[in-house]
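Build me a model:
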Amino acid sequence: MIRARKIAWAWAPPLVLAALLGWSAPPWPDDWDGLGFLESIDHFDMDRFAPHPPGYPVYVALLRLAAVVFREPMHTAIAVSVASGIVVFVCARSVTAQWGELAASLIAAAVVGSPLAWRAFTAVGSEAPALALVAIAYWAIRGRRLTFAAVALGLALGVRLSWAPLLLAMPMLITSRARPRAFLVMTLSVLSWLVPLLAIVGPRHLVEIYGVHFAGHAQRWGGTALADPLPIGRLALFARDIFVDGIGVDSDVVGVALAVVLVLVIAVIVQGRGLSRTGTLAAIGAPYALWIFVGQNLRDQPRHALPLVVATIAVVGVGAARAQTLKLALPLLGLMLTRTIMDGYGRRTTPPAGEQLVTYLRSHPRDVVFGSASVRFFARTNIAYCAFPAETRGDVEIALTRMAHLPERVLVTSEVSDMDMAPIVVEFCRPARIDRKRACLALHVLD
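Numbering: from 1, shown residues only. Below is the predicted model:
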């Protein structure tokens, strides 16, 4: 009887979690990056942003392995994300097992169930497997499986290279005596994906792609400190990404209640000395926090804060267990999961603007549309002939002169410059909580 209970406790929560993640995953990618990842399953081409630089070679390899079983690209990508969520849950429960089965499961549920983490585990993107490899590495370090940890960290760099400040700092958790060996194994792990990437792309071309992408990321579309230099404004965005998008604090009833309970729980934990052993973790996370503060798009992409959100929730959960205030933390968990359900429902019921644009064109098959990132959503449809890429109005007019037959209407999205004076036919909107990049995508008609 006792053994059956242990088996049920070990297997039931992960299986239930897998079912919930799979059921709540939207049937479409959220953005341009996700579309590129789906295309990379069949054809790896960084020049065509399939995927976009830096290439994510280990993530693409995971997608192709999963495609052997799941076939359909969207199902394949979601399967990888869901599996990553299960790995994070199991690792989080394992490293917190000293606080008891129930406490460990609640902490793991909080880590996986935060709005930003749940989004990663139900979306097309590299954040989910990267977080899974970080969780594996931390679990391995805690269990003194140092070679295993170093391999996981090296592979994680091939999944999410922008997490390098965090991944390179994690070996600091290893004793100084074993650290050189860990870095050696980590280097070999990196070479296992870097050498094939260089062979496929070519060393010189890879350097060129990285240079162009980094320049564009830093200045044109990256939303870094170069493009958004006000420190106070970036600090506000940094806090928003962690607490609003990451944990669920907001201006509505659920968000305000969550903020109040969070402050109360943290105050009780601090008073009970539950946060007294977090200095090392803070030091490891500091380089990554500084990096995204300066070099990432905080305004449009809260997903960059995911490691910090997960670390914050884990620290609060362990602190509550250490200070013996888990009962007080239960309302916090309940409110956060409520927010996650609300955000998840929004993502499933309100498609991205590009997907809404596809639906609109299906009912207007004699029209054509010009746009930027949004028209990439047409690539996987049977009406791809209706959509054309364009950056300016001049691009649109030049393309029209090359058409044998003019369409009934020429539609242009608000992504194209010089279209402000053209009449707006319709707007495709998504709540800001689930899409920070663009509140609405307007569709203009070209006279």
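
Check the burial of Leu17 by counting its neighbours.
21 (other Cβ atoms under 10 Å). All C-beta atoms are positioned from the backbone trio N, CA, C, and that covers glycine.

For Tyr385, see how far away it is.
Distance, Leu17 to Tyr385, using Cβ to Cβ, to the nearest Å: 42 Å.

Equivalent analysis for Phe89, please.
For Phe89, the distance to Tyr385 - Cβ to Cβ - is 44 Å.

Give me the more crowded residue out of these two.
The neighbour comparison of Phe89 against Tyr385 (other Cβ under 10 Å) goes to Phe89, with 25 against 10.

Show me what the strand or helix carrying the more buried one is packed up against.
Using DSSP states H and E, Phe89 maps to helix 73-95. On a contact count with 3 or more Cβ pairs under 8 Å, 6 or more residues apart in numbering; DSSP states H and E, helix 73-95 meets helix 2-24, helix 32-40, helix 57-70, helix 101-113, helix 115-121, helix 127-142.

Please repeat the previous calculation with a cut-off of 6 Å.
Under the contact criterion of 3 or more Cβ pairs under 6 Å, 6 or more residues apart in numbering; DSSP states H and E, helix 73-95 touches helix 2-24, helix 57-70, helix 101-113, helix 127-142.

worst average pLDDT in those?
Confidence, taken as mean pLDDT, is least for helix 2-24 of the helices and strands packed on helix 73-95 (a mean of 86).

Just the CA atoms of it, as PDB, please.
Provided in PDB are the C-alpha atoms of helix 2-24 (Å, rounded to 0.1, in the frame of the first residue of the first chain):
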ATOM      1  CA  ILE A   2       2.800   2.400   0.900                       C
ATOM      2  CA  ARG A   3       4.700   1.500  -2.200                       C
ATOM      3  CA  ALA A   4       1.600   2.100  -4.400                       C
ATOM      4  CA  ARG A   5       1.200   5.500  -2.800                       C
ATOM      5  CA  LYS A   6       4.800   6.500  -3.500                       C
ATOM      6  CA  ILE A   7       4.500   5.400  -7.100                       C
ATOM      7  CA  ALA A   8       1.300   7.300  -7.500                       C
ATOM      8  CA  TRP A   9       2.800  10.400  -5.900                       C
ATOM      9  CA  ALA A  10       5.900  10.100  -8.100                       C
ATOM     10  CA  TRP A  11       4.000   9.700 -11.400                       C
ATOM     11  CA  ALA A  12       0.500  11.300 -11.100                       C
ATOM     12  CA  PRO A  13       1.600  15.000 -10.800                       C
ATOM     13  CA  PRO A  14       3.900  14.900 -13.800                       C
ATOM     14  CA  LEU A  15       1.300  13.100 -15.900                       C
ATOM     15  CA  VAL A  16      -1.400  15.500 -14.900                       C
ATOM     16  CA  LEU A  17       0.900  18.400 -15.600                       C
ATOM     17  CA  ALA A  18       1.700  17.000 -19.100                       C
ATOM     18  CA  ALA A  19      -2.000  16.700 -19.900                       C
ATOM     19  CA  LEU A  20      -2.700  20.300 -18.700                       C
ATOM     20  CA  LEU A  21       0.200  21.800 -20.600                       C
ATOM     21  CA  GLY A  22      -0.700  19.900 -23.800                       C
ATOM     22  CA  TRP A  23      -4.400  20.900 -23.500                       C
ATOM     23  CA  SER A  24      -3.700  24.600 -22.900                       C
END
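
if we can go back for a sec, save the helices and strands packed on helix 73-95 as JSON lines, and put in distance to Asp228 too.
As requested, the helices and strands packed on helix 73-95 are arranged in JSON lines below (distance: least, Cβ to Cβ, whole Å):
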{"stretch": "helix 2-24", "distance to Asp228": "32"}
{"stretch": "helix 57-70", "distance to Asp228": "28"}
{"stretch": "helix 101-113", "distance to Asp228": "30"}
{"stretch": "helix 127-142", "distance to Asp228": "22"}
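
Check those for me and report the most buried one.
Of all the helices and strands packed on helix 73-95, helix 127-142 carries the top mean neighbour count, a mean of 24, counting by mean count of other Cβ atoms under 10 Å.

Residues in contact with that one: which ones?
For helix 127-142, the external contacting residues (Cβ atoms under 6 Å, 6 or more residues apart in numbering) are 59, 62, 81, 84, 87-88, 91, 94-95, 120-121, 148-149, 152-153, 155-156, 159-160, 163, 173, 303, 306.

hmm, try it at 7 Å
By Cβ atoms under 7 Å, 6 or more residues apart in numbering, the surrounding residues in contact with helix 127-142 are 59, 62, 80-81, 84-85, 87-88, 91-92, 94-95, 120-121, 148-149, 152-153, 155-156, 159-160, 163, 170, 173-174, 303, 306-307, 310.

filter those to the buried ones?
59, 62, 80-81, 84-85, 87-88, 91-92, 95, 120-121, 148-149, 152-153, 155-156, 159-160, 163, 170, 173-174, 303, 306-307, 310 (16 or more other Cβ atoms under 10 Å).

For Arg93, see how far away Arg142 is.
From Arg142 over to Arg93 (counting by Cβ to Cβ), the distance is 12 Å.

Could you tell me the end-to-end distance of stretch 158-167?
One end of stretch 158-167 sits 11 Å from the other (Cα to Cα, to the nearest Å).

quick one: it to chain centroid distance?
Distance of stretch 158-167 from the chain centroid (Cα atoms, centre = their mean, to the nearest Å) equals 13 Å.

Buried residues of it, list them for me.
By 16+ other Cβ under 10 Å, the buried positions in stretch 158-167 come out as Gly158, Val159, Arg160, Leu161, Ser162, Trp163, Pro165, Leu166, Leu167.
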